[in-house]
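>>> Sequence plus predicted model, see below.
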Amino acid sequence: MKAAEFAYHRPDTVADAVSLLDEYGDDAKILAGGQSLVPMLAMRLTHFENLVDISRVEELKNIELRADSVWIGAGTPHALVGMDDEVAESVPLLTLSTPHIGHFQIRTRGTLGGAIAHADPAAEYAAVALTLDATIEAVSPRGSRQIPAADFFTGLWETALASDEILTAVAFPVWSGRCGSSVQEFARRHGDFAIAGATVAVELDDQDRVVRCGIGLLGLGSTPERGTPAEEAVVGRSVTDITAEELGRLAMSGLHDVPADLQGSAAYRTRVGATMVARAWTEATTEARNA
């Protein structure tokens, strides 16, 4: 099939893109890398009268260390995020998650902002944003605002962005001290969407007690999820007192709408998810203890 007819706009600046969104409202859709939107248009699963292609907006393509956060422009391709030395040093969870995103061609064309704004429940960067309590910057005719990642994902492919807002950057906090990170996911084939997965970041004190912990969950809800019960249960405890299996079960205990489809039942996804959390926890804490 081919996409239904639409008007194509290609602005050069964020201001121009925002103006187009303001003009066309719900009849407009941002086109970033197009790795998710274009197939949906081609299969006529969705339709918009106006596509606003922001791939030419150079001000959205940057990686910058500011104070205790790494700010990444929404138009920065996955491949550049994955190869950047500053990202690897400051936000290793992003670097670890990048190879799990589709295939090389997708990572070359797809963008960080597009992946997060699409809000797919199996999206790696979205899970990382939740895990690290990232801040999402959005711009509209009313100005800019900062949205905590915890408030950004509102439903299946739905976010807190208004129809005239554009995601411009994401700020990922830099964790310091004895830290470890891991990304684990299970898919039928490399490049497929994860049936279930986990992103884990942990910081330990000098006695191997957990100072803070973030756990993101992929493919286990209608939006990217967070393993809040597990996070809360481990803070202040020594890693030697926590079993990986216990943590996996706790991370699953807060889920209420685990999907079921041809890839697996809700019970199956939950079991796989618990295993992915356990593996990620083991790898992250091992790294932190050796730091």
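Here it is on my side, so go on.

>>> Specify the local secondary structure of the residue sitting nearest the centre point of the chain.
Nearest to the mean C-alpha position of the chain, by Cα atoms, centre = their mean, lies Ala126 at 1.4 Å. On the three-state scheme (DSSP: H, G, I helix; E, B strand; the rest coil), Ala126 is labelled helix.

>>> how close does it get to Gly273?
16 Å (Cβ to Cβ, to the nearest Å). For every residue, glycine as well, the C-beta is placed using N, CA and C.

>>> re the thing from before, which pLDDT value goes with the residue nearest to the centre of the chain?
Here, the pLDDT recorded for Ala126 equals 97.

>>> now swap in Met1 and tell me
69.

>>> got it, and Ser140?
So, for Ser140, pLDDT stands at 96.

>>> Domains in the chain, by residue range?
Per the record, the chain has its domains at 7-53, 58-173, 178-290, by the TED database.

>>> Can you give me the first-to-last residue distance of the first one?
Put plainly, it is domain 7-53. 11 Å (Cα to Cα, to the nearest Å).

>>> please begin residue numbering at 793 from this point
All set: I'll call the first residue 793, so the last point we hit is now domain 799-845.

>>> Distance from that domain to the middle of the chain?
Distance, stretch centre to chain centre, for domain 799-845: 21 Å (Cα atoms, centre = their mean, to the nearest Å).

>>> Mind picking out the helix or strand in the protein with the poorest mean pLDDT?
helix 829-834 (a mean of 83; mean pLDDT, DSSP states H and E).

>>> ok, back up a step: was I right about the residue nearest to the centre of the chain contacting Gly905?
No - applying Cβ atoms under 8 Å, one finds Ala918 not in contact with Gly905, separated by 11.1 Å.
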